[in-house]
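Participant: need coordinates for the following:
(chains A, B, C and D)
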Number of protein chains: 2
Amino acid sequence: MNINIDYQTRIPIYEQIVREIENLVTLEILKPGSQIMSIRDLACSLSINPNTVKKAYDILENKKIIVSKSTKGCFIADDVTSAKNSKINEIVSNINELIKALENLGLSKEDILKKLVLKD
Amino acid sequence: MNINIDYQTRIPIYEQIVREIENLVTLEILKPGSQIMSIRDLACSLSINPNTVKKAYDILENKKIIVSKSTKGCFIADDVTSAKNSKINEIVSNINELIKALENLGLSKEDILKKLVLKD
DNA sequence: TTAATTGTACTAGTGCATATAATACAGTTT
DNA sequence: AAACTGTATTATATGCACTAGTACAATTAA
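Facilitator: Just a heads-up that it's a prediction; the model follows:
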């Protein structure tokens, strides 16, 4: 469970934790039902405050990506397919917005396609 | 010179102003050499503080997109082609990063291409 | 049983960036 | 002379992220 935090960016730490764990789940590095690091341990290993990790875990639980069991620990949810799909859809719609922005700047679809890393 | 500000987002107002003017310039709605709204007028029309507009204009001047002449006003720079190109490059690299993220999630380049709005 | 660990909950405080408020100045324009 | 320009300064308010410290009940392991 390798989580990298960038302390320079404007993106808050708790949000970076959410994203990292989401990625580990979609990459199936963290398997459904498996236990993840405790709030205190992760806070300690990242040298941050436990409250910050708690906030990230709360968001993940809200997204049905993890389940936290009192006095037991936190676990990856049994079914994470919906989480994975919504993550993909989120990224795709972000890309499509940027494509629209490029079109507004006068680029054709062919022009755009040439600039993207989509060739095999 | 229509500038829309979203007060809900986490993106600061001054940064939104920068982006909007950059867009108007690249879209050639604001022509090189033409005068733009004064700091006070824009602040008034957006119902925000002049200092916030000043900050945005400082950034734009730093980017060589506008030129401010004391006691005269602020003007679009004579040459904005480099600004336009760097804007395009910025968006393209953002898209390519997102594409890499999708690949990390297990999608092939073909899969990704199908999801994008790049067909004629 | 005891000690350590778990998630949970709460209050208080700090630091920082954003944004506002209120002036003031020097030069230009009308 | 009045209204406008960009520039500059100081002080203040605000929200958010984050930290600090503490406490509780339940579980686990020695």
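
Participant: so how far is the lowest-mean-pLDDT helix or strand in chain A off the chain centroid?
Facilitator: Ranking every helix and strand in chain A by mean pLDDT, DSSP states H and E puts helix A:81-104 at the bottom, with a mean of 92. Here helix A:81-104 is found 14 Å from its chain centre; the criterion is CA atoms, centre = their mean, to the nearest Å.

Participant: and the angle from it to helix B:81-104?
Facilitator: 160 degrees (axes from the mean of the first three to the mean of the last three CA atoms, to 10 degrees).

Participant: and for the helix or strand following helix A:81-104, what are the contacting residues?
Facilitator: Sequence-wise, the next helix or strand downstream of helix A:81-104 (DSSP states H and E) is helix A:109-115. Here helix A:109-115 makes contact (CB atoms under 8 Å, 6 or more residues apart in numbering or on different chains) with A:Ile99, A:Leu102, A:Glu103, B:Val92, B:Leu118, B:Lys119, B:Asp120. For every residue, glycine as well, the C-beta is placed using N, CA and C.

Participant: tell me the buried residues within those.
Facilitator: Among the contacts of helix A:109-115, those buried by neighbour count (16 or more other CB atoms under 10 Å in any protein chain shown) are A:Ile99, A:Leu102, B:Val92, B:Leu118.

Participant: show the contacting residues for the last one.
Facilitator: So the one you mean is B:Leu118. By CB under 8 Å, 6+ apart, B:Leu118 lies in contact with A:Ile99, A:Lys109, A:Ile112, A:Leu113.

Participant: kindly report the same for A:Lys54.
Facilitator: Shown in contact with A:Lys54 (CB under 8 Å, 6+ apart): A:Ile39.

Participant: go on, the one 3 residues further on?
Facilitator: Taking CB under 8 Å, 6+ apart as the contact definition, A:Tyr57 lies against A:Ile39, A:Ile66, A:Ser68, A:Cys74.

Participant: now do the phi/psi pair for the residue lying farthest from the centre of chain A.
Facilitator: The C-alpha centroid of chain A is most remote from A:Gly106, which lies 32.7 Å away (CA atoms, centre = their mean). Backbone torsions of A:Gly106, given as degrees, to the nearest 10, read phi 100, psi 10.

Participant: thinking again about what came up before, would you mind checking the contacts of B:Leu118 for buried ones?
Facilitator: When the contacts of B:Leu118 are checked for burial by 16+ other CB under 10 Å, the buried set is A:Ile99, A:Ile112, A:Leu113.
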